[in-house]
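# model this:
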Amino acid sequence: MELTKIAFGGGCHWCTEAVFQHLIGVEKVSQGWVSSTGENSSFSEAVIVEFDNSKIDLKTLIEIHLLTHKSTSNHSMREKYRSAIYYFKDYQKEEISTIINELQSDFLEKIITKILEFNNFKPSAKEFQNYYKNNPQKPFCEKYIQPKLKLILKRFSEYSK
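All right, here's what the predicted structure looks like:
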C-alpha cells in the first residue's frame, strides 16, 4: 500500500493529532512543527498525515481540517498556529486550492488557510506525542479535543474509528 502524505496546521497540534488519529484510512500522524519557505519559513504547530487514498480522500481530510480549527479567523497566535495545508508534491498544490474553493460555499466567512510547500519538520517531545490517546480525561482534552471528535462522529461517521 502506498500512502499519500500531507501536513496540516491550524490549532494546537495535540488537537490536530487527535482529530486525524481518529480517522479510518489515516495510517500515521506525526505531531510537531512544520515550516515552509520564504515568509512562512518559521516553524508552526502542525501534523504530518500519511493516509490511504483508497479509504479516505484528500477532500475529506481537508474538510475535516477546516471544520476543526479556526480556518476563517486571523488572530494574535497565527504565527504559532498557522492555518495551513502543506503539500509535499507540486501537483497537490492545485488540488488543494480547488478543494478549498469548492468548500468555501460551506463557510460564512472567507477561509484563510494557506497552501504552502512543506519544507521541514521537527517532532514534538516524546511526552507530548499521542497526547489525547494518553490523556483523554485531562481537562484540556475534555474541553478542546472531545468536541472535535464528536463533530467527526456526527458529520463524518463513515470515516470515524
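# Helix, strand, or coil at R78?
With DSSP: H, G, I helix; E, B strand; the rest coil as the basis, R78 sits in coil.
# Equivalent analysis for I111, please.
coil.
# how close does it get to V19?
I111 sits 17 Å away from V19, taking CB to CB, to the nearest Å as the criterion. Placement of C-beta: from N, CA and C, glycine included.
# if you count what's nearby, which of these two comes out ahead?
For the pair I111 and V19, the greater number of neighbours falls to V19 (28 against 16), based on other CB atoms under 10 Å.
# residues making contact with the strand or helix carrying the more buried one?
Following DSSP states H and E, one finds V19 within helix 13-21. Applying CB atoms under 8 Å, 6 or more residues apart in numbering, the external contacts of helix 13-21 come out as 8-10, 26, 29, 31-33, 45-47, 49, 61, 64-65, 68-69, 124, 128-133, 140-141, 144-145, 148-149, 152, 161.
# what do you get if the cut-off is 7 Å, keeping everything else the same?
8, 10, 26, 29, 31-32, 45-47, 49, 64, 68, 124, 128, 131-133, 144-145, 148-149, 152 (CB atoms under 7 Å, 6 or more residues apart in numbering).
# Export it to CSV, keeping only CA atoms.
C-alpha atoms of helix 13-21 as CSV (Å, rounded to 0.1, in the frame of the first residue of the first chain):
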residue,chain,number,x,y,z
HIS,A,13,-1.1,20.1,17.4
TRP,A,14,-2.5,18.0,20.3
CYS,A,15,-5.9,18.7,18.9
THR,A,16,-4.9,18.3,15.3
GLU,A,17,-3.1,15.0,16.0
ALA,A,18,-6.2,13.5,17.8
VAL,A,19,-8.6,14.5,15.0
PHE,A,20,-6.6,12.7,12.3
GLN,A,21,-5.7,9.7,14.5
